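Visitor: quick check, what structure comes out for this input:
(2 chains)
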Amino acid sequence: MGKKTLLNAKEIEITLHRLAFQLLENHRDFSNSVLIGIQPRGVDLLNKLVDILKKDQPDLTIAQGQLDITFFRDDFRRREEPLEANRTSINTILEKKRVVLIDDVLYTGRSIRAALTAIESYGRPDDIELLVLIDRRFSRNLPIQPTYLGKQVDALNDEKVMVDWKQDPKKNSIYLINKPV
Amino acid sequence: MKQLSVPHLIGIKNLQKKDLELIFETADHFKEVINRPIKKVPSLRDITIANLFFENSTRTKLSFELAEKRLSADVINFSASQSSVKKGETLIDTVNNILAMKVDMVVMRHPMVGAHKFLSQNVDAKIINAGDGTHEHPTQAILDTYSMRAKLGDLKDKKVVIIGDILHSRVALSNIYALQLLGAKVMVCGPPSLIPVHISKLGVEVEYNLEKALQWCDVANILRVQHERMDVKYFPSIREYTQLYGVNMHLLNKLGKEIVVMHPGPINRGVEITSEVADSEHAIILDQVENGVATRMAVVYLLAQQIKRL
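Guide: Residues are numbered from 1 along each chain as shown, chains lettered A, B, ... in the order given. This next block holds a predicted model:
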């Protein structure tokens, strides 16, 4: 199985910092913003970004939540494997808030569409932005684009982008593998 | 992978422990959903469900209907009192007529034991048992055990007593099966005339003294006295029943320990349970109702997941 590194630990570190500060630039004190990680892997990314922001600005309070999109997916009853749900925890009403959806990889855009629908259950936000670490361009099924972007990659459909978070950040990596048949 | 091991929900007897655990896990997610400002998910938007009630029901029917609507399913309701059943139509004909309108799932309550099994073998739809005669009421047992688990954690070796009219109770039988699957110890308590003769063969203990039963248990599930199913007198008077088997505050205070009090509803206040107990912090009767919607959403969702689309 071929394995091609897209970002090494150092590059991931730099990219995470850039994304965190782009958020800071646009949202200032985050007083009206809510960062929402999409379960499961977007939540890891969310936590890392919040850590960076808190380290830089310890006084910052950032509202955050985790969203599971299982019940909003458009492939219910269309898959061989049943869908497995995850925890949702959003403790605030999103009415008139600025929401940033956070996920690790943007592929077909269908998860994001499901997340956009799911978000409606918590009110009508003023705007919704999208932050992703990896954007697999040319593979979109829907007209969805990220607002904040770590790295854009070209990948074939039978390849999979793996974001591998380790306990030790120096061992983090993002790579491309062939999907097991 | 995570799927129910059964194609229909006919009874708890057909389920395995992992099925109950999957239903509980899924219900946890739905409980969060029904506490959102907008309490609805679109999963079942292309599924149609018929609720067929050949016997009266208020809360089970409402609970199922709400669960189905929260999942965005289309729902049609049918009660025997307003139907052609009175004109002599057979069960299969009635159901096939409804299925001809492209219905995917049938939630049914029927006075005849085994009606659901019979139906599942003869029609092409998912069947959920919402009560068959005095046999099983699986979703009630699921919501009861789910509520106990929410209150007490793992039910292994927990002691549960079911009090009252065990003879006519489908809730009792389903509860016994579900509790035993989850490793709990079960006792039944009531007047000898309302305890089935061979019930101990199910592996449950029998106790005729209410005070001893309460002293033994962690949870008391109090059943309603079902006057409508009693064609002969099973006990001399309501007053005597209340004196011997009615749960009141005085009894609970004497125990020297906290127990959880449950009731599947509708409550006969002042008969099997006093108002004081029903409204006290011991009782989780309204939690049961809330959990009823979440667990029924889980059951409907998990069965709908098995309906393959072309």
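Visitor: now the most centrally placed residue in chain A. Nearest residue, chain neighbours left out?
Guide: Among the residues of chain A, the smallest C-alpha distance to the mean C-alpha position (Cα atoms, centre = their mean) belongs to A:D103, namely 1.0 Å. Once its chain neighbours are removed from consideration, A:D103 has its nearest residue in A:G42; the separation is 3.9 Å (Cβ to Cβ, 6 or more residues apart in numbering or on different chains). Where C-beta positions appear, they are placed from N, C-alpha and C, glycine not excepted.
Visitor: name the SS class of the one you found, please.
Guide: Here A:G42 is recorded as helix under DSSP: H, G, I helix; E, B strand; the rest coil.
Visitor: wait, isn't it in contact with A:V100?
Guide: No - in terms of Cβ atoms under 8 Å, A:G42 does not count as a neighbour of A:V100; the distance is 10.6 Å.
Visitor: now for these two: what residues contact both?
Guide: Overlap between the neighbourhoods of A:G42 and A:V100 consists of A:I36, taking contacts as Cβ atoms under 8 Å, 6 or more residues apart in numbering or on different chains.
Visitor: could you pull out the strands for the stretch 201-310 of chain B?
Guide: If you assign secondary structure with DSSP state E, counting those that start in this stretch, the strands in the stretch 201-310 of chain B sit at B:205-207, B:219-222, B:260-262.
Visitor: do chain A as well
Guide: A:3-7, A:33-38, A:63-67, A:98-106, A:127-136, A:148-153, A:159-164, A:173-178 (DSSP state E).
Visitor: quick one: those as TSV, columns for distance to B:L244 and mean pLDDT too.
Guide: Output for these, formatted as TSV (distance: least, Cβ to Cβ, whole Å; pLDDT from 0 to 100):
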stretch	distance to B:L244	mean pLDDT
strand A:3-7	74	88
strand A:33-38	57	96
strand A:63-67	52	94
strand A:98-106	60	95
strand A:127-136	63	95
strand A:148-153	70	93
strand A:159-164	66	87
strand A:173-178	70	87
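Visitor: B:K18: which of the ones you listed is closest?
Guide: B:K18 sits nearest to strand A:63-67 of all these, at 26.2 Å, using Cβ to Cβ.
Visitor: circling back to that earlier point, give me whichever of the strands of the stretch 201-310 of chain B is most buried.
Guide: Most buried of the strands of the stretch 201-310 of chain B by mean neighbour count (mean count of other Cβ atoms under 10 Å in any protein chain shown) is strand B:219-222; its value is a mean of 26.
Visitor: partner strands of that strand, parallel or antiparallel?
Guide: Each strand pairing with strand B:219-222, determined using DSSP bridges, is listed with its direction: strand B:159-163 (parallel), strand B:260-262 (parallel).
Visitor: how many residues are close by residue 105?
Guide: Picking chain A for this. A:V105 is flanked by 21 other residues according to other Cβ atoms under 10 Å in any protein chain shown.
Visitor: actually it's chain B I care about, not the one you picked
Guide: Neighbour tally, B:M105, other Cβ under 10 Å: 23.
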